[in-house]
Structures are given as C-alpha cells and as structure tokens.
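Asker: Sharing a sequence plus its predicted fold:
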Amino acid sequence: MTFTDLHRIYHQPFFDLLKQARAVHDEHWPENEVQLCTLLSIKTGGCSEDCGYCAQSARYSTGVQREQLMEKEQVMEKARAAKAGGSTRFCMGAAWKGVRGGTEKFDQVLGIVRDVSTLGMEVCVTLGELGADEARALREAGVTAYNHNIDTSPEHYPNVVTTHTFDDRLRTIRHAQDAGMSVCCGGILGLGETLEDRLRMLEVLSNFNPHPESVPINMLMPIKGTPMEENEQIDTFTMIRMIATARIAMPRAKVRLSAGRTAMSKEAQALCFFAGANSIFYGDKLLTAANPRANEDMALLRDLGLTAQEPNPQMEAPVIEHDRPLAPTACCL
C-alpha cells in the first residue's frame with residue numbers, strides 16, 4: 001500500500017475509519033477471537049545497543065539489573081504456567097545485539113526452544129539480528145514466529161538507534177521469512193516521530209512480501225534513565241487510528257495491541273478491538289515493563305464477548321506473493 005493511500009485512510013472521519021476497519025476485520029477474522037501471547041525475558045539487561053526507548057541498554061541507568069540466560073527448567077516452568085493461563089503463543093526475548101551459530105548461548109536457546117515447542121503452543125523468539133543459518137536453525141528447533149520490530153520509519157530510525165541500521169532490521173526479517181518462520185513485526189508510537197513517520201512505517205510493513213503474520217502496535221512507555229523518558233504520551237485516538245489503518249493495510253495479519261495498555265481505559269481498549277486488534281500480550285509483565293493483570297484481561301474479553309484463540313503450533317508462515325516484489329530489502333525503501 002502506498003503512503004498516499006495510507007494517508008487518505010488514516011485521515012477519514014473517525015467513525016468512517018472504524019467502519020471500514022471493522023468491515024475488513026469481519027471479512028478476514030469473523031470468529032471474535034483474540035490471540036493471547038505471553039512474553040518472557042529469558043536474558044535481561046546489559047544490551048550493547050543504544051535504542052533510545054529501552055530499559056535494557058547497558059548505556060543507560062534505568063535500574064534494570066543485568067541477568068544471565070535463564071536455565072531451561074526455569075523457562076519451562078514459565079511456559080507451562082502461560083499455557084495453563086490460556087496463552088496461545090509463548091514469546092521469549094533476550095537482550096542481545098544478535099546471535100551467532102555455534103556459540104554456547106545460541107545452542108542453549110535452541111535447546112530451550114525444542115523443549116517449549118513440545119507444550120503445544122506457538123513458539124516465538126526475539127534475539128536481535130539473525131543470519132540465514134541461525135534463522136534456519138531456529139525454525140528447525142521449533143520456532144513458529146520471529147519478533148523483530150522496525151519501530152518507526154526508515155527516515156526517523158537513526159534518531160532512535162545508532163548501533164545498527166534500518167537495513168539491518170530488514171535483513172534479519174528477510175532471513176526469518178526465507179527460513180520459513182512467520183514474522184511478528186510492528187512499531188512503537190511516541191519515539192519523537194511525526195504522523196508521516198508513523199504512516200511511512202505502515203507503508204514499509206504493508207509492502208513486505210509476505211505481510212507480517214502479526215503486527216504489534218506499541219505505545220511508548222517512557223522509562224526513567226533513557227533518552228526518551230520525557231517523551232509525550234500518545235493519545236488514545238492516535239492509537240485507535242493506527243490500529244484501524246494497520247488492519248486495513250494488512251487484512252490477514254494479526255494486529256497486536258501491545259505495550260502501553262496500562263495507560264488505556266477498558267473502553268479505549270474495546271475501541272482498539274473494534275478497530276481490528278485481535279492479539280494482545282497477556283500476563284503481568286512485558287519483558288521489564290508492566291502489563292494489565294491476566295484476570296483483568298480475561299474479564300474484559302468476557303465483557304466484549306471475545307474468546308481466546310486456540311494455539312496453532314503447526315502454523316504455516318504466510319506465503320510469498322509471486323506477483324509482487326520480494327520484500328523486505330533495502331530496495332523497498
């Protein structure tokens with residue numbers, strides 16, 4: 001989808017936008033289901049990157065303590081609890097710049113993935129940059145989805161991170177897709193970007209071939225000690241408009257209402273679901289940040305007549321459309 005198309009869609013009168021987004025949602029997701037994803041930090045803090053929003057960067061004093069990679073049985077205990085609580089997908093994040101095959105830490109992660117994949121949930125990881133070989137190894141171990149957000153527009157990205165490039169992000173996403181993994185890829189609102197940057201981000205995502213399997217739309221949770229601790233909070237209507245525009249632009253993707261829900265009322269979240277969100281991070285914690293309590297989320301879903309989507313551990317990755325250019329690569333910019 002082009003920037004011009006997205007600009008026109010986003011700037012419709014609010015209720016016209018919601019009406020269009022809901023029609024697209026109902027056509028492709030008629031079951032009134034929500035994917036419940038649990039996110040666990042399996043290696044916390046001490047990251048060498050300088051992402052300006054992140055509490056886990058070693059460059060900032062945020063109070064987050066550096067921890068080593070969790071032992072496999074610790075992770076399994078959390079995964080079993082997530083499954084018992086109704087989670088569809090178990091996502092494991094590690095605060096690394098990237099991983100390299102043949103190293104002890106990567107072999108440990110592969111072992112954890114193999115065991116978690118026996119529990120019958122979808123398995124997602126976010127480990128930083130991947131090469132082609134590492135992507136294939138993760139897929140063979142049982143990873144169904146790789147999370148790697150592009151965060152913002154390519155133009156604004158250097159204002160957010162300097163230790164890697166936007167093209168580095170695209171390269172990792174391409175490796176994950178080529179290995180047969182689904183891609184979970186979205187962005188963060190509130191990084192000091194303009195509205196044009198937000199729509200440009202959606203333009204890049206909507207031109208992936210194939211589209212991301214899931215698209216997290218995050219609201220920045222300003223962390224004390226990071227360069228973005230004083231950033232202005234995103235308003236609710238901006239969040240809802242972005243959810244709706246993402247739903248229209250990528251009709252078959254799950255659109256995930258992600259970080260920042262603690263700042264949103266139940267009514268605001270309900271409008272996000274109406275606008276096309278059909279996935280949430282579920283559980284009391286998102287890596288190092290707060291999240292609504294699981295019992296609160298279940299009560300909200302019941303009030304809205306929504307049910308938890310069943311897990312699909314054999315999920316096939318979206319298929320490349322051969323009549324469209326292959327993306328993501330730098331050439332799509």
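Answerer: Everything's here; your move.

Asker: hey, where'd the strands end up in the stretch 51-200 of the chain?
Answerer: Secondary structure of the stretch 51-200 of the chain by DSSP state E, counting those that start in this stretch: the strands cover 89-94, 122-126, 145-147, 182-184, 187-189.

Asker: tell me the pLDDT at the closest residue to Ala132 other than its chain neighbours?
Answerer: Of all residues beyond its chain neighbours, the one nearest Ala132 is His175 (4.8 Å), with distances taken as Cβ to Cβ, 6 or more residues apart in numbering. From N, CA and C alone the C-beta is placed, and that goes for glycine too. Confidence at His175, expressed as pLDDT, is 95.

Asker: wait, doesn't His175 sit right on Leu127?
Answerer: No: taking Cβ atoms under 8 Å as the definition, His175 is not a contact partner of Leu127, at 11.9 Å.

Asker: which regions of the stretch 151-300 of the chain lie under the pLDDT threshold?
Answerer: 284-290 (pLDDT under 70).

Asker: The residue nearest to Ala132 and Leu36, how far apart?
Answerer: Relative to Leu36, His175 is positioned 28 Å away (criterion: Cβ to Cβ, to the nearest Å).

Asker: Settle it for me: which of those two has more neighbours?
Answerer: Summary of the neighbour comparison: His175 and Leu36, criterion other Cβ atoms under 10 Å, with Leu36 having more neighbours (24 against 21).

Asker: Quick check, central residue of this structure?
Answerer: Most central in the chain under Cα atoms, centre = their mean is Pro216, positioned 3.8 Å from the mean C-alpha point.

Asker: quick check, that residue in a strand?
Answerer: Yes: assessed with DSSP: H, G, I helix; E, B strand; the rest coil, Pro216 lies in a strand.

Asker: which non-adjacent residue is nearest Thr307?
Answerer: Of all residues beyond its chain neighbours, the one nearest Thr307 is Glu33 (5.5 Å), with distances taken as Cβ to Cβ, 6+ apart.

Asker: just checking, Leu199 touches Thr245?
Answerer: Yes: Leu199 is in contact with Thr245 according to Cβ under 8 Å; the separation is 7.5 Å.

Asker: joint contacts of the two?
Answerer: Shared contacts of Leu199 and Thr245 (Cβ atoms under 8 Å, 6 or more residues apart in numbering): 6, 10.

Asker: Please say which of the two ends up with more neighbours.
Answerer: Each of Leu199 and Thr245 had its neighbours counted (other Cβ under 10 Å), and the higher figure belongs to Thr245 (29 against 22).

Asker: you'd agree the more buried one is up against Gln12?
Answerer: No: taking Cβ under 8 Å as the definition, Thr245 is not a contact partner of Gln12, at 9.3 Å.

Asker: Name the residues of stretch 191-205 that are buried.
Answerer: Residues 191-193, 197-205 are the ones in stretch 191-205 that count as buried (16 or more other Cβ atoms under 10 Å).

Asker: Just put those residues in JSON lines and tack on distance to Trp96.
Answerer: Formatted as JSON lines, the buried residues of stretch 191-205 follow (distance: Cβ to Cβ, whole Å):
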{"residue": "Leu191", "distance to Trp96": "21"}
{"residue": "Gly192", "distance to Trp96": "25"}
{"residue": "Glu193", "distance to Trp96": "25"}
{"residue": "Asp197", "distance to Trp96": "27"}
{"residue": "Arg198", "distance to Trp96": "28"}
{"residue": "Leu199", "distance to Trp96": "31"}
{"residue": "Arg200", "distance to Trp96": "28"}
{"residue": "Met201", "distance to Trp96": "24"}
{"residue": "Leu202", "distance to Trp96": "28"}
{"residue": "Glu203", "distance to Trp96": "29"}
{"residue": "Val204", "distance to Trp96": "24"}
{"residue": "Leu205", "distance to Trp96": "24"}
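
Asker: tell me which of those residues is nearest to Ala137?
Answerer: Ala137 lies nearest to Leu205 out of the buried residues of stretch 191-205, by Cβ to Cβ, at 25.9 Å.

Asker: need the contact list for the closest one.
Answerer: Residues in contact with Leu205, defined by Cβ under 8 Å, 6+ apart, are 150, 185-187, 211-212, 215, 246, 249-250.

Asker: So which of the residues you listed sit within helices?
Answerer: 246, 249 (DSSP state H).

Asker: CSV for the contacts of Leu205, including distance to Ala277?
Answerer: Supplementary listing: those in CSV, determined by distance: Cβ to Cβ, whole Å:
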residue, distance to Ala277
Ile150, 19
Cys185, 16
Gly186, 11
Gly187, 14
His211, 16
Pro212, 14
Val215, 10
Ala246, 9
Ala249, 14
Met250, 12
